[in-house]
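Asker: Everything below, folded, please.
(one chain, ligands or ions: 1)
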Amino acid sequence: MHAPSAPIVYSFVNPEELVDSLATFIVKAQKESIEKKGRFTIALSGGSLPKQLGGLVGKPGVKWDKWQVYYADERVVPLDHEDSNHRLCVEELFSKVPIPSQNIHTIDYSLADDLEELADAYEKELIHEFAQKDAARFPVFDVILLGVGPDGHTVSLFPGHELLSEEDRWVAYITDSPKPPAQRITFTYPVINHGARVVFVASGAGKADTLVTVLDKPEEGLPASRVRPITPGQVYWFVDEPAASKLQYPRTAFRL
Ligand SMILES: O=C(O)[C@H](O)[C@@H](O)[C@H](O)[C@H](O)COP(=O)(O)O
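Answerer: The predicted structure is shown next:
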């Protein structure tokens with residue numbers, strides 16, 4: 001097996017260019033996936049990420065009925081709660097585009113009293129989507145979109161947490177997330193690191209120091225540095241100049 005490829009970092013002069021280029025990238029991935037398999041699987045995160053998806057609204061070539069959307073990370077709150085990643089994605093994107101609601105796979109909040117059951121139920125949704133269709137032991141998402149926190153966490157994989165060493169489960173739960181709310185479910189590394197295109201999005205000067213540690217000092221092993229999809233998977237970073245301002249890591253010109 002080949003070593004994972006190095007991350008590709010695209011840096012954009014302003015947030016608008018980032019948002020537009022991210023949409024272009026996603027639509028190209030969608031086209032390739034639909035040509036190959038007739039569907040497109042994408043996983044989303046919360047935080048500031050949903051806002052970065054605005055470039056998809058009205059973008060030509062998006063085949064919303066072919067999208068199957070999952071949450072790589074979700075807070076265990078009702079779907080209409082202000083902390084819900086799903087609610088944020090609906091507000092920022094899904095309420096503005098013609099995606100069939102059954103193509104958006106949410107957590108089953110009725111199981112919130114038993115997080116193990118809730119995480120299992122979500123894992124079953126993934127098994128339903130992937131198990132018979134792809135030969136791989138783990139699901140291979142066409143695109144997984146990630147954010148990064150100040151401590152280098154991504155999804156709900158936090159520094160020093162035991163979930164970092166989960167090797168079997170596809171979806172795990174956490175009850176002690178240092179970023180509130182405490183109860184969440186999250187994709188595990190095996191799922192993230194089987195993704196075909198794993199895409200971090202980071203904007204603003206507040207991310208600059210974190211990016212230095214994650215990209216220039218991967219040996220420190222922050223959770224985001226440990227996202228290294230197995231070949232032929234590839235990790236990408238879409239960042240704006242303020243976020244990239246302290247980076248030594250080489251940037252690649254964005255050309256699709
Ligand atoms: O639900 C969540 O909280 C996210 O999935 C989380 O992993 C997020 O992506 C990072 O914390 C970055 O958040 P920001 O983009 O808001 O800085």
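Asker: neighbours around Arg169, how many?
Answerer: 16 (other CB atoms under 10 Å). In this view, the C-beta of every residue, glycine as well, is placed from N, C-alpha and C.
Asker: got a pLDDT number for it?
Answerer: What the model reports for Arg169 is a pLDDT of 95.
Asker: And the spatially closest residue to Pro150 that is not a sequence neighbour, how close does it get to the ligand?
Answerer: The shortest distance from Pro150 to any residue other than its chain neighbours is 5.6 Å, reached at Thr210 (CB to CB, 6 or more residues apart in numbering). Using CB to the nearest ligand atom, to the nearest Å, we find Thr210 at a distance of 9 Å from the ligand.
Asker: now for whichever strand or helix holds Thr210, which elements pack on it?
Answerer: Following DSSP states H and E, one finds Thr210 within helix 208-211. Packing contacts for helix 208-211, counted by 3 or more CB pairs under 8 Å, 6 or more residues apart in numbering; DSSP states H and E, involve helix 241-244.
Asker: tell me what the helix it packs on is packed against?
Answerer: Under the contact definition 3+ CB pairs under 8 Å, 6+ apart, helix 241-244 sits against strand 8-12, helix 208-211.
Asker: in the stretch 101-250 of the chain, what spans have low per-residue confidence?
Answerer: Counting by pLDDT under 70, the ranges of the stretch 101-250 of the chain that qualify are 132-136.
Asker: what about the closest residue to the ligand within it, how many neighbours?
Answerer: Closest contact between the stretch 101-250 of the chain and the ligand, by CB to the nearest ligand atom, is at Gly147 (2.5 Å). Number of residues near Gly147 (other CB under 10 Å) recorded here: 23.
Asker: Double-check it against Gly46; I have them as touching.
Answerer: Yes: between Gly147 and Gly46 there is a contact under CB atoms under 8 Å: 7.4 Å.
Asker: What values do phi and psi take at Phe238?
Answerer: Phe238 adopts backbone torsions of phi -110, psi 110, taken as degrees, to the nearest 10.
Asker: show me what contacts it?
Answerer: Applying CB atoms under 8 Å, 6 or more residues apart in numbering, we find Phe238 in contact with 10, 12, 18, 21-22, 25, 52, 199-202.
Asker: which element is the closest residue to Lys63 other than its chain neighbours on?
Answerer: Ranked by CB to CB, 6+ apart and with sequence neighbours excluded, the top spatial neighbour of Lys63 is Ile34, at 6.1 Å. In the assignment (DSSP H and E), Ile34 maps to helix 15-37.
Asker: for that helix, what is the average pLDDT?
Answerer: In this model, helix 15-37 has a mean pLDDT of 97.
Asker: Compute the inter-axis angle for that helix and strand 8-12.
Answerer: Between helix 15-37 and strand 8-12, the angle comes out at 140 degrees (axes from the mean of the first three to the mean of the last three CA atoms, to 10 degrees).
Asker: And the contacts of helix 15-37?
Answerer: Residues contacting helix 15-37 (CB under 8 Å, 6+ apart): 10, 12, 39-42, 52-56, 59, 61-63, 66-67, 133, 142-143, 196-197, 199, 201, 203, 236, 238-240, 254, 256.
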